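Asks: quick one: sequence and predicted model below, then my questions.
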There are 4 protein chains.
Amino acid sequence: MCPRSAERFEQIKDERRRALLRAARVVFGRKGFAAAKIADIAAQAGISHGLVYHYYPEKESLFSATIDASVEGWDTLMELTRAQGGTPWDRLVYVCGQMIAGLREEPEHLLMTVHVYAEDASPGLRDVLRRFRLRVIGDLEELIQEGQRAGQVEQRASAELSRALVAIVQGLAINRLVEPDAPLPPLDVVLRILKS
Amino acid sequence: MCPRSAERFEQIKDERRRALLRAARVVFGRKGFAAAKIADIAAQAGISHGLVYHYYPEKESLFSATIDASVEGWDTLMELTRAQGGTPWDRLVYVCGQMIAGLREEPEHLLMTVHVYAEDASPGLRDVLRRFRLRVIGDLEELIQEGQRAGQVEQRASAELSRALVAIVQGLAINRLVEPDAPLPPLDVVLRILKS
Amino acid sequence: MCPRSAERFEQIKDERRRALLRAARVVFGRKGFAAAKIADIAAQAGISHGLVYHYYPEKESLFSATIDASVEGWDTLMELTRAQGGTPWDRLVYVCGQMIAGLREEPEHLLMTVHVYAEDASPGLRDVLRRFRLRVIGDLEELIQEGQRAGQVEQRASAELSRALVAIVQGLAINRLVEPDAPLPPLDVVLRILKS
Amino acid sequence: MCPRSAERFEQIKDERRRALLRAARVVFGRKGFAAAKIADIAAQAGISHGLVYHYYPEKESLFSATIDASVEGWDTLMELTRAQGGTPWDRLVYVCGQMIAGLREEPEHLLMTVHVYAEDASPGLRDVLRRFRLRVIGDLEELIQEGQRAGQVEQRASAELSRALVAIVQGLAINRLVEPDAPLPPLDVVLRILKS
DNA sequence: TATGAATGAGCATTCATTCAT
DNA sequence: CATGAATGAATGCTCATTCAT
């Protein structure tokens, strides 16, 4: 009724939506799309499963939104990275460092990708994920090419280097889930991939 | 009754069992445990879904058997590797080369692991997979330690190096599934991880 | 929110649960555990088969609950019987009269027992039923012993007499199901078993 | 080829058929029609499940044949009973004695009846069983009427007395299966039903 | 005949989705 | 908005029945 409460309303709604997305990322990341139950996600978010459908009309939309949030997160990271001063190598160190730090806290973030190549995932889902993947790979490739121009990264097919980098980060995410207490290799080991 | 037909019988049975395992590896590898339908696997193997239960009493047993086959495959590879002449580094080159070649043909092999860390996977499944993982990591670590003693691998925590190696291979397996036509990075890029 | 509706909620839930139990008793009693389909029971209760699982997590639990309800019914009857004035014989007349009257309305009640001696019924089920049986037999035996002390029942092994009594009642229940219109023998014929 | 072996052949076939029927009676009696598996029966008879279909084209025929065998057994008992000298009461003692003795060895015999009143048992099955039941009840009723004419059985509706007699015997069969070691009440307790 | 591999219809159970409260 | 009861399509698994050997 009064604007105050309407605002407050929106606030609550937004908060809840964010909480829901966080919960969805965790559960989807851990179990994949098929094995994740709406009820699991609702429980993780602390709401009833019926309420989920007030925010997202179906499981797939929720999943898509989760990816979208990850994309946003990635875009933010890339902006920060580009705003970083220093050499191209410094920027590579920064972005990889952030990715690995992210693994520690939320390995689910980068695992989302793993779960949707399934042949019978709806084409929509596959596309959404594929695009995310290609964006990450593309952004990293750009940084790598800058590094190559600066002579800080070896002169090899940048597409391969970028994919190798993504591969190791995803692989470490898996490791993180299977053995949460195993040590992650230090950043410089990961970055060696780019040095001849 | 006659030995000829009894033999033939067993042969056919064995062949089918192998075909079933192959089909199961492909489908489980692509979709994970929850999303893989027995009917999918049966179709992939060219048999009716009912027949699957003549060979394995339940989905989980089939999954376990699939892992067991992967373990055997790995053991064979390790034997071949150890039988390889040359320096420790040569052996590392050999085993990683084989793993990456395997990715080209059957990326499912190394992906099996990805799908079972789910919190609600039956403890049995999780154990089976965890053991497989630890075996691979352990075997590779041994090779790495030999390489360290020979001065061919950097003197860093061999556990971390081994996990980084497994991570990149698994990450590449994922990449293979998502983008089957993307190029895999060459072997020496992968092995750089072990060199300071 | 408001207590009125919450109460009403619980009421409806309870009603439905009772309706489900009644339906389950009828169907299990008629068909036995294996032959009774959840869909039959749901149809009999006027609900969808999926909803059954909101109330009982599996067929066996529903069956157990059905037995539990029968046990309660029996306990109530025994309380009424013990509250009955008169001689021990009067009480035997009362309880047997009620059992036979029950046969007319719901022969399923006493038939539940018949269906679970199967060798491969889960041990849980068998136990639940065995306990019910022994309770009935034990309670009747007690009444019989009182009758014996009062000289109203013949001085023979009360365990055998009790079992003979249960046997005839169960046998009549079967008769009731097979020939719903055949006459039940009058009470005094049944009670003769206890008189020398 | 030669008549000797052809005969022998028939013999073996007949023996097997009898063994199969015996096995079927045991398993059907214990588990009912729905819960009894062809494989169970075959195992009990010591043959492969496929072979069952050489003797009976389907589960229902096997069940019918089992009933037929029971009918035959009953007819034989009735012939023996009628051939028995003495008073009508002596004959009743004889036939009930045999029934109770049968309970000790093969309680399944009289339990067959219990399992087929199910609403969705095929009408054919229900009829077959109903006829068996009515035959037993009718034969006993005849004996009871003889007893009544001889003044040895009370002058009450013979149909009810007959059904009460069958009821107690069936009830005892159930008891036998649930508690194989519980004592059966002695014959005279059972026969009291017929005495005023 | 005798075996057991193979098929497919049927049933228990799960879970996304809807909707009355 | 929020809840959880209700529905029904989908999937694991069983088992009667068929059939190649």
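Replies: Good, I have the coordinates.
Asks: show me what the lowest-mean-pLDDT helix or strand in chain A is packed up against.
Replies: Within chain A, no helix or strand scores below helix A:108-111, which has a mean of 75 by mean pLDDT, DSSP states H and E. In this structure, helix A:108-111 packs against helix A:3-35, helix A:88-105, helix A:158-178, with contacts taken as 3 or more C-beta pairs under 8 Å, 6 or more residues apart in numbering or on different chains; DSSP states H and E. Quick note: C-beta positions are derived from backbone N, CA and C, even for glycine.
Asks: now those helices in a markdown table, with mean pLDDT and mean neighbour count?
Replies: Output for these, formatted as a markdown table (pLDDT from 0 to 100; neighbours: other C-beta atoms under 10 Å in any protein chain shown):
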| stretch | mean pLDDT | mean neighbour count |
| --- | --- | --- |
| helix A:3-35 | 83 | 16 |
| helix A:88-105 | 94 | 17 |
| helix A:158-178 | 92 | 23 |
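Asks: following element in sequence after the least confident helix or strand of chain A, please.
Replies: Using DSSP states H and E, the helix or strand that follows helix A:108-111 in sequence is helix A:123-149.
Asks: what packs against that next one?
Replies: So helix A:123-149, by 3+ C-beta pairs under 8 Å, 6+ apart, packs with helix A:59-83, helix A:88-105, helix A:158-178, helix B:158-178.
Asks: nearest to residue D:37, of those?
Replies: Taking C-beta to C-beta, helix A:59-83 is the member of those nearest to residue D:37, at 39.2 Å.
Asks: mean confidence for the closest one?
Replies: Helix A:59-83 shows an average pLDDT of 94 in the prediction.
Asks: which element is the residue in chain A that DNA strand F sits nearest to on?
Replies: Closest contact between chain A and DNA strand F, by C-beta to the nearest atom of the strand, is at residue A:50 (2.0 Å). Assessed by DSSP H and E, residue A:50 sits inside helix A:49-55.
Asks: is chain C within reach of that helix?
Replies: No. Under the criterion of C-beta under 8 Å from any C-beta of the partner chain, helix A:49-55 makes no contact with chain C; the nearest approach is 12.9 Å.
Asks: and that helix, what's its mean pLDDT?
Replies: 96.
Asks: tell me what that helix is packed against?
Replies: Partner elements for helix A:49-55 (3+ C-beta pairs under 8 Å, 6+ apart): helix A:3-35, helix A:38-45.
Asks: is chain B contacted by stretch A:28-42?
Replies: Yes. Using C-beta under 8 Å from any C-beta, stretch A:28-42 reaches chain B at A:30, A:31, A:32, A:33, A:34, A:35.
Asks: in this structure the third one contacts residue B:36, no?
Replies: No. Using C-beta atoms under 8 Å, residue A:32 and residue B:36 do not qualify as a contacting pair, with a distance of 10.8 Å.
Asks: what parts of chain A come near chain C?
Replies: Counting by C-beta under 8 Å from any C-beta, chain A has no residue next to chain C.
Asks: so is residue A:85 in a helix, a strand, or just coil?
Replies: coil (DSSP: H, G, I helix; E, B strand; the rest coil).
Asks: count the neighbours of it for me.
Replies: 6 (other C-beta atoms under 10 Å in any protein chain shown).
Asks: OK, contacts around it?
Replies: By C-beta atoms under 8 Å, 6 or more residues apart in numbering or on different chains, no residues touch residue A:85.
Asks: tell me how far it lies from residue A:142.
Replies: 17 Å (C-beta to C-beta, to the nearest Å).
Asks: residue A:150 now?
Replies: 13 Å.
Asks: neighbour count winner among the two?
Replies: When residue A:150 and residue A:142 are compared for neighbours, residue A:142 comes out ahead with 15 against 11, by other C-beta under 10 Å.
Asks: okay, the more buried one: pLDDT?
Replies: In this model, residue A:142 carries a pLDDT of 97.
Asks: how about the nearest residue to residue A:137, chain neighbours excluded?
Replies: residue A:162 (5.0 Å; C-beta to C-beta, 6 or more residues apart in numbering or on different chains).
Asks: surely that neighbour and residue A:135 touch.
Replies: No. With contact defined as C-beta under 8 Å, residue A:162 does not count as touching residue A:135 (11.4 Å).
Asks: what comes up buried for stretch A:37-56?
Replies: A:38, A:40, A:41, A:42, A:44, A:45, A:47, A:52, A:55, A:56 (16 or more other C-beta atoms under 10 Å in any protein chain shown).
Asks: so which of those also contact DNA strand E?
Replies: residue A:38 (C-beta under 7 Å from any atom of the strand).
Asks: tell me who's in contact with the nearest residue to residue A:26 once chain neighbours are set aside.
Replies: Nearest residue to residue A:26, sequence neighbours excluded (C-beta to C-beta, 6+ apart): residue A:108, at 5.2 Å. By C-beta under 8 Å, 6+ apart, the contact list for residue A:108 reads A:25, A:26, A:28, A:29, A:30, A:173.
Asks: no further queries at this time; thank you.
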